[in-house]
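# Fold the following for me, if possible:
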Amino acid sequence: ALGNGGLGRLAACYLDSLAAEDVPCVGMGLRYRYGLFRQRIRSGCQTEEPDDWLSDGYPWETAVPSEAVEVRFGGTVDRREENGRMVYELRDYRSVLATPYDVPILGYGAHAVNNLRLWRAGPVHKQLDLDAFNAGDYSRAQKANNDAEAITCLLYPDDNTPAGQQLRLQQEYFFVCAGLQSMMRTFRATHLPWDKLPERVAIHTNDTHPALCVPELMRLLMDGEGLSWEEAWDITCRTISYTNHTVMSEALERWDMDLLRSVVPEICDILVKIEERLQQEFPGADLHVVCDNQARMADLSVYMSRKVNGVAEIHSQILRDDLFRAWNEKYPGRIVNVTNGITPRRWLGLCNPELTELIRAEIGEGFLRVGDLSAPMTAEAFADFAARQLGDAVRVMGHREALIHRVGLCSGGGCDEWADAHAMGADAFLTGEVKHHIALDASYHGVVLLEAGHFATENPGIFALMKALQNAPDIVQWKMHISRSERSAYE
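Residues are numbered from 1 along each chain as shown. Sure thing, here's the model as predicted:
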């Protein structure tokens with residue numbers, strides 16, 4: 001994923017979580033020479049300087065020049081018929097060499113190692129214009145090399161100018177083309193037919209920056225592997241999925257078709273054919289991949305993805321009801337929700353080690369691995385915690401290894417019936433004089449079931465106790481008197 005700001009951070013969290021969960025994956029991105037910027041404060045104001053993060057090298061990366069691939073820009077597309085199918089060939093193009101640098105992504109506890117592959121752009125062959133150099137025009141002498149290296153020179157080039165827009169488009173196509181070629185090399189080694197690709201590979205596009213995956217995968221399958229249009233279409237639609245992160249326009253890229261044709265003419269032709277197919281499939285519908293001489297990358301992604309997701313329930317509903325409403329009507333069930341989370345290893349374990357140790361002492365190590373910050377305590381840990389909060393006058397009953405989601409309390413009247421509490425769904429039971437700390441009807445006698453969330457209490461110890469039960473539903477109080485006949489099942 002080519003991410004800016006939060007997208008890049010989220011992609012890093014995905015890689016971390018996938019490795020921690022032993023799910024194999026490869027992340028694709030660009031190896032920028034300079035990062036966003038290095039912040040300096042001068043006279044109370046922020047100034048930006050180039051972030052030369054590679055000045056001293058990067059010990060975690062490994063260059064893999066043996067797996068470098070060629071990426072082609074510009075040129076002219078020639079068409080001819082061969083064995084009953086149309087064949088497209090590109091000539092007079094400019095080649096750029098994409099060299100991969102691999103960074104290992106270790107899972108928590110080092111149980112698995114995934115790979116982040118970053119691509120550096122450079123000339124296929126170093127070139128020097130001797131005539132220009134001897135004439136003193138040193139910039140022109142190195143122009144071919146500089147133009148190639150500029151693709152991965154700087155993160156976030158200003159794209160408010162035609163030159164900036166062209167560079168941005170080159171960046172997006174460069175890592176998409178290189179990444180897909182790398183993936184296809186790996187799959188080719190399995191010697192499986194290409195129609196098995198969706199069973200072995202899932203390509204996830206992080207917003208519309210990698211949306212050119214769609215036409216590029218089709219191009220590689222047709223021109224490189226000799227598949228028909230229909231075969232390439234079927235494979236592509238079953239392999240790619242798309243996450244939309246925001247409804248704001250910057251995440252819904254649109255590219256001018258004239259610019260596209262000057263940078264990636266083969267892709268431009270495929271987009272036109274995709275638009276033609278869309279109009280044949282849904283004539284008269286207000287659905288377009290290419291319209292008003294613009295390529296709509298979000299619509300392309302929705303049309304040809306296996307699944308589309310938003311990143312919060314309300315956001316996903318907005319996609320279904322508003323932004324992609326027409327698509328949702330044509331493909332109900334395609335747009336789903338996957339709520340973004342965080343990796344607690346970075347945002348808790350590294351950022352706040354003191355809090356991490358406190359949580360670890362109470363509920364154990366599991367929350368760092370599974371990323372479930374609502375992981376419940378065991379009854380044994382809960383008993384220790386209750387003793388510290390309320391003192392030895394309160395006793396915890398429950399199975400030693402049981403995970404605690406709900407706690408039953410005796411409300412008075414001599415009630416300390418574990419069976420009643422268990423029948424109500426309690427995983428542990430507090431005995432002792434605790435009723436006066438809870439806002440209850442004074443006339444009520446029986447078992448009270450408390451679940452973590454909002455409840456009435458004046459005792460800070462009980463409040464802390466309940467807050468410790470992180471994953472219980474938000475229920476205020478639940479009072480129920482259980483028939484004695486149910487006791488035997490729990491004795």
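# got the buried residues for the top helix by length along the chain?
Using DSSP state H, we find that the single longest helix of the chain is helix 162-188. Under the neighbour-count criterion of 16 or more other C-beta atoms under 10 Å, helix 162-188 has 165-184 buried. C-beta coordinates here come from the backbone N, C-alpha and C atoms, glycine included.
# Equivalent analysis for stretch 31-39, please.
By neighbour count with 16+ other C-beta under 10 Å, stretch 31-39 contains the buried residues 31, 32, 33, 34, 36.
# CA atoms only for stretch 245-261, dumped as CSV, please.
Taking Å, rounded to 0.1, in the frame of the first residue of the first chain, the C-alpha atoms of stretch 245-261 are listed here in CSV:
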residue,chain,number,x,y,z
HIS,A,245,-10.6,4.9,4.5
THR,A,246,-12.5,8.1,4.0
VAL,A,247,-15.2,9.7,1.9
MET,A,248,-13.1,12.8,1.3
SER,A,249,-12.1,13.5,-2.3
GLU,A,250,-8.3,13.0,-1.8
ALA,A,251,-9.0,9.3,-1.1
LEU,A,252,-11.2,9.0,-4.3
GLU,A,253,-8.5,9.6,-6.9
ARG,A,254,-9.4,10.7,-10.4
TRP,A,255,-6.8,10.8,-13.1
ASP,A,256,-7.0,12.8,-16.3
MET,A,257,-7.0,10.3,-19.2
ASP,A,258,-4.6,12.4,-21.3
LEU,A,259,-2.1,12.2,-18.4
LEU,A,260,-2.7,8.5,-18.0
ARG,A,261,-2.1,7.9,-21.7
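# and that stretch, average pLDDT?
Averaged across stretch 245-261, pLDDT comes to 90.
# got it, and stretch 274-288?
Here the average pLDDT along stretch 274-288 is 95.
# Start and end of it, how far apart?
Chord length of stretch 274-288, first to last residue, is 9 Å (C-alpha to C-alpha, to the nearest Å).
# what's the spacing between it and its chain's center?
30 Å (C-alpha atoms, centre = their mean, to the nearest Å).
# Let me see the ranges of the strands in the stretch 101-250 of the chain.
Taking DSSP state E, counting those that start in this stretch as the test, the strands found in the stretch 101-250 of the chain are 113-123, 203-206, 240-243.
# Other residues contacting the second one?
Applying C-beta atoms under 8 Å, 6 or more residues apart in numbering, the external contacts of strand 203-206 come out as 1-3, 7, 10-11, 180, 183, 211, 213, 217, 239-243, 245, 301, 305.
# quick one, helices of the stretch 251-400 of the chain?
Ranges of helices within the stretch 251-400 of the chain are 257-263, 265-281, 297-303, 313-318, 325-330, 344, 353-363, 366-370, 379-390, based on DSSP state H, counting those that start in this stretch.
# Export the ones you listed to JSON lines and append columns for distance to residue 66 and mean neighbour count.
Shown next, in JSON lines, are the helices of the stretch 251-400 of the chain (distance: least, C-beta to C-beta, whole Å; neighbours: other C-beta atoms under 10 Å):
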{"stretch": "helix 257-263", "distance to residue 66": "28", "mean neighbour count": "17"}
{"stretch": "helix 265-281", "distance to residue 66": "26", "mean neighbour count": "17"}
{"stretch": "helix 297-303", "distance to residue 66": "33", "mean neighbour count": "25"}
{"stretch": "helix 313-318", "distance to residue 66": "42", "mean neighbour count": "14"}
{"stretch": "helix 325-330", "distance to residue 66": "42", "mean neighbour count": "15"}
{"stretch": "helix 344", "distance to residue 66": "38", "mean neighbour count": "23"}
{"stretch": "helix 353-363", "distance to residue 66": "41", "mean neighbour count": "14"}
{"stretch": "helix 366-370", "distance to residue 66": "35", "mean neighbour count": "17"}
{"stretch": "helix 379-390", "distance to residue 66": "52", "mean neighbour count": "18"}
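# Those helices into TSV, with extra columns for distance to residue 63?
Putting those into TSV (distance: least, C-beta to C-beta, whole Å) gives the following:
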stretch	distance to residue 63
helix 257-263	27
helix 265-281	28
helix 297-303	31
helix 313-318	39
helix 325-330	42
helix 344	33
helix 353-363	34
helix 366-370	32
helix 379-390	48
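# among those, which is nearest residue 235?
Nearest to residue 235 among those is helix 265-281; the distance by C-beta to C-beta comes to 14.1 Å.
# Show residues contacting that closest one.
So helix 265-281 is contacted by 74-77, 88, 90, 173, 212, 214-216, 218-219, 223, 229, 233, 257, 260-261, 287-291, 295, 300, 303-304 (C-beta under 8 Å, 6+ apart).
# in the stretch 151-300 of the chain, which segments are predicted with low confidence?
For the stretch 151-300 of the chain, no stretch is flagged by pLDDT under 70.
# Contacts only, for residue 316.
Residues in contact with residue 316 (C-beta under 8 Å, 6+ apart) are 309, 310, 335, 336, 337.
# Any chance of these in a markdown table with pLDDT as columns?
Output for those, formatted as a markdown table (pLDDT from 0 to 100):
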| residue | pLDDT |
| --- | --- |
| 309 | 95 |
| 310 | 93 |
| 335 | 97 |
| 336 | 95 |
| 337 | 94 |
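# In a markdown table, list those along with neighbour count and distance to residue 112.
Output for the contacts of residue 316, formatted as a markdown table (neighbours: other C-beta atoms under 10 Å; distance: C-beta to C-beta, whole Å):
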| residue | neighbour count | distance to residue 112 |
| --- | --- | --- |
| 309 | 21 | 24 |
| 310 | 25 | 28 |
| 335 | 24 | 31 |
| 336 | 13 | 26 |
| 337 | 15 | 27 |
